[in-house]
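The amino acid sequence is not available; the structure is as follows:
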C-alpha cells in the first residue's frame, strides 16, 4: 500500500557524491532509529532498494538489515571458538532489538564525551553494523568543577541526583539552621547539575558541537542522537550535516541541514552542499527553520520533568508506606496486653464449647442490628 505512515517510508532518489542513491523519508516526527540506521547503510550502498519501489514497510527494513547482518558476519560467526559464540550472541540480540526500533531506542548518554553511552543490548546494533553513534550533550573540561560533578555521569544518574537535590533543598528550607558540610556539598553539586540542564535544554552544548567536529572523520556517515531522535549525520569539508528525512522534502532538492549551531538556526543545502537560491526557496515552501528543533527541545524537557515527577511520586509513596508501617508497629507495641490470672481455672470443655457457640450466635445477631466499623488496611 503506497501511503505515508509510521510503518511505511517513502523512497527518495538522490545523488550522493556523484553516485545515485535512494534514501527513506518519514511522514511523522518520531524517534525511529531504524530510519537513521538504514539511511547510513543505503548511502554506503550496502543496502539497496529496487528502482521501482516507492514505499518500504518497517518490517521490510527489519528483514533487510537482518539479512545484511548475517551476510556480513557469516564467516566470523561460524565455528566453536569463544569469539564466534560471542558474535552469535550479539547477532541474536540484534534480532531481538530490530523489530522494536519503530518506537525508539533505550539510549543513556554520558556527559563526558560525544561517544560515551551506557552499554545496553540496544546499542549492540550500532556496533554490529559498524555505525558510530554520537551525541553532543557534554560538559566542557575547562569548567573544572562542573566537569568533576557531571563528566562521569549518565543522564539517568543526573536525574536521580537532581531529585535528591530538590528534596534536600526543601528539607533544609523546612528545618532551618545551618546545613552540614556534606549537605552543602550535595546542594552545590545539585545546583551545578540544574544550571547545566537549564542552559542545555536542546540537549547539545557549544562544547559538544566543537567536540563533534573533532571526533567525526571526514566523509564519515554516522548516527546522531539528540532529544530522543536519531539522525543520519555526515562530515564534509570540515562541516557537519544532518540528512533531511522529513516527508516535506520528498520533491525538494534540499538534502542536508548544516549542523553548525546549537539553537537550530541553520542553513539547508542540496546534493552539492550548496545553499543556492533554489534550495532556499524550497526550504521556505516546505519547512520553517528551527521550528522542529524548538518542538523537540520542548518535548525533551517535558519528558525529563515527567521523569522527575514520576520518581518523586514513587519515592513519596514508598516513604508514606514505610511511615504508616512504623506507626502501626509502634501502636501495636504501646497497647497494653492483659495479664494472665494464675488463680483462674480452665473451664470444662463442654462449657467452653457452649460459651463459644453462644458468643457466635450473639455476634451474628448483633451484626444484623448494627453495621460493623470499617477496617484500616495498610497496602
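The structure has been received and is ready for your questions. Model, not experiment: these values are computed from the prediction.

For the stretch 151-300 of the chain, which segments count as helices?
Counting by DSSP state H, counting those that start in this stretch, the stretch 151-300 of the chain has helices at residues 155-175, 181-199, 206-215, 277-286, 291-334.

how much space between the spatially closest residue to residue 109 that is not a sequence neighbour and residue 225?
Spatially, and ignoring its direct neighbours in sequence, residue 109 is nearest to residue 135 (4.5 Å; CB to CB, 6 or more residues apart in numbering). For every residue, glycine as well, the C-beta is placed using N, CA and C. Between residue 135 and residue 225 the distance is 5 Å, computed by CB to CB, to the nearest Å.

residues shared between the contacts of these two?
residue 109 (CB atoms under 8 Å, 6 or more residues apart in numbering).

phi, psi of residue 56?
phi -130, psi 130 (degrees, to the nearest 10).

start the count at 44, not 1, going forward
Right, with 44 as the first residue, what we last looked at is residue 99.

Now do the SS call for the closest residue in space to it that isn't next to it in sequence.
Nearest residue to residue 99 in three dimensions, chain neighbours excluded: residue 52, at 5.2 Å (CB to CB, 6+ apart). The three-state label given to residue 52 by DSSP: H, G, I helix; E, B strand; the rest coil is strand.

quick one: residue 52 and residue 71 touch, right?
No. With contact defined as CB atoms under 8 Å, residue 52 does not count as touching residue 71 (10.7 Å).

more crowded one of these two?
Shown here are residue 52 and residue 71; by other CB atoms under 10 Å, residue 52 has more neighbours (27 against 10).

show me what contacts that one?
Residue 52 sits in contact with 67-69, 78, 98-101, 104, where contact means CB under 8 Å, 6+ apart.

Among those, which are located in strands?
67-68, 98-100 (DSSP state E).

Pick out the most distant pair among those residues.
Largest separation among the ones in strands among the contacts of residue 52 by CB to CB: 68 and 100, giving 13.8 Å.

In terms of neighbours, single out the busier of the two.
residue 68 (20 against 13).

contacting residues for the closest residue in space to residue 211 that isn't next to it in sequence?
The spatially closest residue to residue 211, leaving aside those adjacent along the chain, is residue 229, at 5.8 Å (CB to CB, 6+ apart). Applying CB under 8 Å, 6+ apart, we find residue 229 in contact with 207-208, 211.

Now which of the residues you listed would you call buried?
Burial by neighbour count, 16 or more other CB atoms under 10 Å: within these this picks out 207-208.
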